[in-house]
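Q: next input, structure requested:
(one chain, ligands or ions: 2)
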Amino acid sequence: MFVRCFSRVRSAMENLRPVVLSGPSGAGKSTLLKKLMGEYDNVFGFSVSHTTRSPRAGEVNGKHYHFVTRDEMQSSIDGGDFIESAEYSGNLYGTSKAAVHAVQKNNLICILDIDMQGVKSIKKTDLNPIYISIQPPTLQTLEKRLRDRKTETEESLQKRLKAAEEEIAFSKQPDVFDHIVINDKLDEAYEQLKQALMEEINKVKNINSSS
Ligand SMILES: Nc1ncnc2c1ncn2[C@@H]1O[C@H](COP(=O)(O)OP(=O)(O)OP(=O)(O)O)[C@@H](O)[C@H]1O
Ligand SMILES: Nc1nc2c(ncn2[C@@H]2O[C@H](COP(=O)(O)O)[C@@H](O)[C@H]2O)c(=O)[nH]1
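A: Ligands and ions are numbered 1, 2, ... in the order given. This is a model prediction of the structure:
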């Protein structure tokens with residue numbers, strides 16, 4: 001009995017699929033993620049990326065990102081420490097092997113918030129995540145959200161809007177994403193996101209109730 005139960009829990013842990021959240025800057029990935037992690041304590045773990053961009057007000061090193069210099073990041077990439085990395089809007093971003101491992105070793109669903117270049121790279125690995133695209137209702141709404149967020153200069157905002165057009169086109173390619181969530185009304189988008197993740201959430205609940 002104990003052996004059967006233990007092996008069921010172990011296989012559920014091994015089958016926990018990571019989640020890739022992608023979509024244009026300003027679409028609402030972080031907002032939805034914060035809601036999700038607030039509701040589901042000890043179910044999800046955030047893969048803390050590295051970046052060479054400067055921290056925004058309120059961002060904490062090691063929690064939101066590992067903020068590093070380009071030299072530091074490039075030498076880690078060259079040393080093989082990253083699963084994927086990309087140049088985005090003039091800065092380097094990347095997912096380290098350690099960031100994903102840190103989440104998975106605690107039997108949590110690992111969430112990666114990455115751009116479309118990252119999605120393309122992850123597709124070449126054996127990570128086998130659920131791919132979810134968060135999209136704005138329109139490009140105009142996206143621009144308003146980014147302007148209202150007040151994190152960008154005019155130059156970086158224009159770079160992000162240009163990248164957004166590519167991200168939107170990418171999300172429409174067949175078989176790239178398992179789920180596409182249009183983040184118009186936040187509560188409705190959040191319900192759709194939860195629905196997309198319910199199978200994995202239930203796996204963690206089963207693990208926790210059996211252990
Ligand atoms: N459904 C929504 N309705 C109105 N405003 C929203 C909605 N979702 C998010 N926002 C706001 O839009 C802005 C951008 O959201 P957020 O920072 O979560 O985007 P993001 O996709 O994580 O962007 P980035 O990729 O740049 O980190 C924030 O100021 C947030 O409060
Ligand atoms: N390929 C990767 N993209 C990443 C990673 N971490 C974040 N991102 C994406 O960068 C943009 C901009 O993020 P911001 O925090 O500066 O607004 C956004 O699309 C993120 O999804 C990563 O590790 N790899």
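Q: assign a three-state SS to Leu157, would you?
A: helix (DSSP: H, G, I helix; E, B strand; the rest coil).
Q: mind listing what it touches?
A: 143, 146-147 (CB atoms under 8 Å, 6 or more residues apart in numbering). All C-beta spots, glycine's among them, are computed from the backbone N, C-alpha and C.
Q: distance of it relative to ligand 2?
A: 11 Å (CB to the nearest ligand atom, to the nearest Å).
Q: and the strands in the protein?
A: Secondary structure of the chain, counting by DSSP state E: strands at 19-22, 44-46, 50-51, 66-67, 82-88, 91-96, 109-113, 130-135, 179-182.
Q: direction included, what does the fourth one pair against?
A: Okay, so that is strand 66-67. Paired strands of strand 66-67, with direction, are strand 50-51 (parallel) (DSSP bridges).
Q: mind checking how far the strand it pairs with is from the chain centre?
A: Its chain's C-alpha centre and that of strand 50-51 lie 13 Å apart, by CA atoms, centre = their mean, to the nearest Å.
Q: so where is this protein shaky, pLDDT-wise?
A: 1-14, 211 (pLDDT under 70).
Q: for whichever residue of it sits closest to ligand 2, give me its contacts.
A: Closest residue of the chain to ligand 2, CB to the nearest ligand atom: Gly118 (2.7 Å). Counting by CB under 8 Å, 6+ apart, Gly118 touches 20, 22, 84-86, 93-95, 112.
Q: list just the nearest of the residues you listed to Gly38.
A: Nearest to Gly38 among the contacts of Gly118, counting by CB to CB, is Leu112 at 18.7 Å.
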